[in-house]
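1. Kindly return the folded structure for what I paste below:
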Amino acid sequence: MDKRQMEELRQFASDAAAKAASGKELYAAKTGVQAKLKAVMSGMRDLPKEERPAFGKTVNALKEEIEALFEAREKELNRKELEARYAAEQVDVTLPGRKHAEGSLHPVTLVKNQLIDIFAGMGFEVFEGPETETEYYNFTALNTPADHPSRDMQDTFYLGGDLLLRTQTSAGQIRVMQNKKPPIKVLSPGRVFRPDDDATHSPMFHQMEGLVVDKGITLCDLKGMLSAFAAKMFTSDTKVRLRPSYFPFTEPSVEVDLSCFVCGGKGCRLCKGTGWIEVLGSGMVNRRVLENCGVDPDEYTGFAFGMGLERIAMLKYGVNNIKNFYDNDVRFLTQFKD
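-> Numbering: from 1, shown residues only. Model (predicted):
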């Protein structure tokens with residue numbers, strides 16, 4: 001190999017390395033140069049023996065020079081790539097930090113927890129019964145007649161045999177009275193299931209029912225407890241009104257209305273101009289229910305009440321469609337905080 005050929009190969013390697021703009025291109029250029037060097041080396045066998053050592057020494061020196069050239073170019077490309085990445089990932093330390101969104105409890109859970117806190121302050125314990133119930137606990141023990149409409153297929157989710165999805169958490173009260181002697185103060189919160197589906201009803205919703213059984217319990221005790229509940233849950237000047245009603249498991253039975261906490265009883269859209277809002281059902285525990293649980297109705301009396309948690313949440317937060325609670329819309333749910 002003469003000097004001209006060496007210079008040409010050196011220049012070829014230099015140009016190929018300089019044109020490479022990435023590690024991949026540099027590798028391809030280096031492979032091409034190595035192929036040319038290999039071709040030059042293969043010509044050694046055609047030389048006289050005495051010329052081969054000098055030829056090999058010259059080619060090896062060129063090879064080392066080219067290797068150094070490509071190593072330098074590789075380092076340069078790596079440096080530029082790193083600088084570009086640093087520039088792209090550069091953080092302005094003077095910018096305010098990113099605030100991570102905080103989760104919150106579901107509005108129905110918030111209402112449930114608040115109600116438990118209110119009634120726990122009155123001495124109530126919490127009992128959560130099974131969601132799959134028998135007809136006996138869901139209907140019969142609660143003095144519900146066999147021909148009562150609530151037992152119909154269109155009003156109850158039957159699972160087969162004697163099993164069903166509970167339509168009310170009152171069944172838990174029966175279990176408590178069967179296993180505990182008075183005095184009893186118990187709350188039964190949980191999910192219940194009914195084949196209803198519209199703007200104010202859902203096939204699955206939450207109820208909370210309360211039961212008090214002791215000697216000398218009267219309807220006045222019920223009203224006093226509900227007045228305390230209304231004052232703590234809504235406003236301190238909320239009034240309670242009882243209206244006669246009918247439920248198989250209470251006698252007498254009453255519907256409970258609260259004075260509208262938006263208009264103060266003057267009449268508005270929420271209370272439909274009446275000044276009152278229907279909130280829950282209640283009454284004195286029916287004698288037959290006490291007898292079914294082995295409680296002597298001549299010695300003990302009691303009252304029971306039940307409310308829909310979604311109903312309370314809708315009133316408390318001004319929600320007009322129950323389905324908003326189940327759409328999993330973060331824009332809706334993040335409005336509610338502890």
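
2. Could you use CA atoms for every contact and neighbour count after this?
-> Noted.

3. For the longest helix seen in the chain, could you pull out the residues that count as buried?
-> Ordering each helix of the chain by length in residues (DSSP state H) puts helix 52-88 first. Buried residues in helix 52-88, defined by neighbour count with 16 or more other C-alpha atoms under 10 Å: 55, 59, 62-63, 66-67, 69-70, 73-74, 77.

4. with these in mind, which one is nearest to Thr140?
-> Thr140 lies nearest to Leu77 out of those, by C-alpha to C-alpha, at 83.6 Å.

5. Now that closest one. Nearest residue, chain neighbours left out?
-> Counting by C-alpha to C-alpha, 6 or more residues apart in numbering, Leu77 lies nearest to Ser22, which is 6.5 Å off, once chain neighbours are set aside.

6. Residues touching the host helix or strand of Phe332, excluding its own?
-> Assessed by DSSP states H and E, Phe332 sits inside helix 330-333. Here helix 330-333 makes contact (C-alpha atoms under 8 Å, 6 or more residues apart in numbering) with 104, 106-107, 324-325.

7. of those, buried ones?
-> Looks like these have 106-107, 325 buried, using 16+ other C-alpha under 10 Å.

8. Quick check: the gap between the residue lying closest to Glu278 once chain neighbours are set aside and Arg269.
-> Sequence neighbours aside, Asp257 is the residue nearest to Glu278 in space, at 4.3 Å (criterion: C-alpha to C-alpha, 6+ apart). To Arg269, Asp257 is 16 Å away according to C-alpha to C-alpha, to the nearest Å.

9. Name the residue in these two with the higher neighbour count.
-> Asp257 (18 against 10; other C-alpha atoms under 10 Å).

10. tell me the contacts of Gln168?
-> 138, 192-193, 207.

11. would you list those in JSON lines and tack on distance to Met41?
-> Formatted as JSON lines, those follow (distance: C-alpha to C-alpha, whole Å):
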{"residue": "Asn138", "distance to Met41": "96"}
{"residue": "Val192", "distance to Met41": "88"}
{"residue": "Phe193", "distance to Met41": "88"}
{"residue": "Gln207", "distance to Met41": "91"}
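
12. Check these against Leu290 and report the nearest one.
-> The closest of the contacts of Gln168, once distances to Leu290 are taken by C-alpha to C-alpha, is Asn138, at 14.8 Å.

13. ok but Arg191 is inside a strand, no?
-> Yes - Arg191 forms part of a strand when assessed by DSSP: H, G, I helix; E, B strand; the rest coil.

14. which residues does it bridge with?
-> Arg191 forms beta bridges with His206, as assigned by DSSP bridges.

15. Do I have it right that it meets Pro203?
-> No - the pair Arg191 / Pro203 is not scored as a contact, 10.2 Å apart, by C-alpha atoms under 8 Å.

16. For those two, work out which one has more neighbours and name it.
-> Arg191 (20 against 14).

17. so what's the more buried one up against?
-> Arg191 is in contact with 131, 169, 204-207, counting by C-alpha under 8 Å, 6+ apart.

18. Fine, thanks again, bye for now.
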